[in-house]
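> Here is my input, please return the structure:
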Amino acid sequence: MKPFSGVFTPIITPFRGDGAIDEAGMRRNVARWMTMSLTGLVVLGSNGEAPQIEDVEADRVIDIVRSEVPRDRPLIAGTGRESTAATIAATRRAAAAGVDAVLVRTPSFFKSQMTTEVFVRHYTEVADNSPVPVLLYNVTMFTGVTLPVDVVATLASHPNIVGMKESGSDISLISEYIARTPDDFTVLAGSAATLFHALCADCDGTVLALAALVPREVVGM
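Sure, this is the predicted structure:
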């Protein structure tokens with residue numbers, strides 16, 4: 001089986017009325033998800049409001065979730081930041097907290113400067129410095145940038161870049177990612193509307209918010 005294939009759900013980050021993280025609520029949620037047939041969880045993804053959370057909060061969230069997820073169930077943490085240095089720092093902290101892999105979204109603030117060369121350099125430096133495997137994260141609906149197929153094909157040869165999540169519904173793009181990467185490179189779909197089509201295109205699984213509500217049906221698919 002490819003690394004990190006299967007069905008993951010990106011979990012929410014619950015907050016109390018005073019704006020603090022609802023730690024007890026998060027523990028209850030994770031305990032419930034661990035009774036379901038999910039492969040594992042993704043913490044601090046888009047669904048977890050990662051861009052709005054301070055680093056100290058992000059680190060605490062990872063600690064809480066890792067303490068509730070058994071070691072035989074994979075935990076992936078989102079560690080993407082706008083700068084390479086900050087991404088590496090967040091990745092190292094997540095690895096120290098015991099995550100099994102990191103999901104690294106594309107930097108996007110300076111969109112016109114997000115060239116093939118920049119993407120390759122950014123992800124290569126992150127992967128070179130990450131103690132755990134790296135998954136690329138393409139989420140154009142939020143970032144406004146898209147990882148070119150050539151970039152993914154190049155990065156897929158890095159020994160510490162093991163796969164990617166593609167959150168969009170463009171099946172032709174997903175098919176290109178699959179066709180241009182090695183057989184052991186994992187491609188995970190992220191759109192419920194086109195999940196069936198993505199699986200038909202040979203995706204290896206999904207990171208899907210819907211799986212938190214109907215895991216049996218998503219796993220069955």
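
> Break down the protein into its strands, ranges please.
6-10, 40-43, 75-78, 101-105, 134-138, 161-166, 186-189, 205-207 (DSSP state E).

> neighbouring strands for the longest one, and are they parallel or not?
Looking back up the chat, that one is strand 161-166. strand 134-138 (parallel), strand 186-189 (parallel) (DSSP bridges).

> CSV please, covering those and showing distance to Gly25 and mean pLDDT.
Where C-beta positions appear, they are placed from N, C-alpha and C, glycine not excepted. Shown next, in CSV, are these (distance: least, C-beta to C-beta, whole Å; pLDDT from 0 to 100):
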stretch, distance to Gly25, mean pLDDT
strand 134-138, 25, 98
strand 186-189, 27, 98
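
> out of those, which comes closest to Asp22?
The minimum distance between Asp22 and the strands paired with strand 161-166 falls on strand 134-138, with 25.2 Å, by C-beta to C-beta.

> for the chain, what spans make up the helices?
23-33, 55-68, 84-96, 116-129, 140-143, 149-155, 171-179, 195-200, 215-220 (DSSP state H).

> Mind listing what's buried along stretch 123-135?
For stretch 123-135, a neighbour-count test (16 or more other C-beta atoms under 10 Å) marks Tyr123, Thr124, Val126, Ala127, Asn129, Ser130, Val132, Pro133, Val134, Leu135 as buried.

> try stretch 3-21
Neighbour-count burial for stretch 3-21 [16+ other C-beta under 10 Å]: 4-15, 21.
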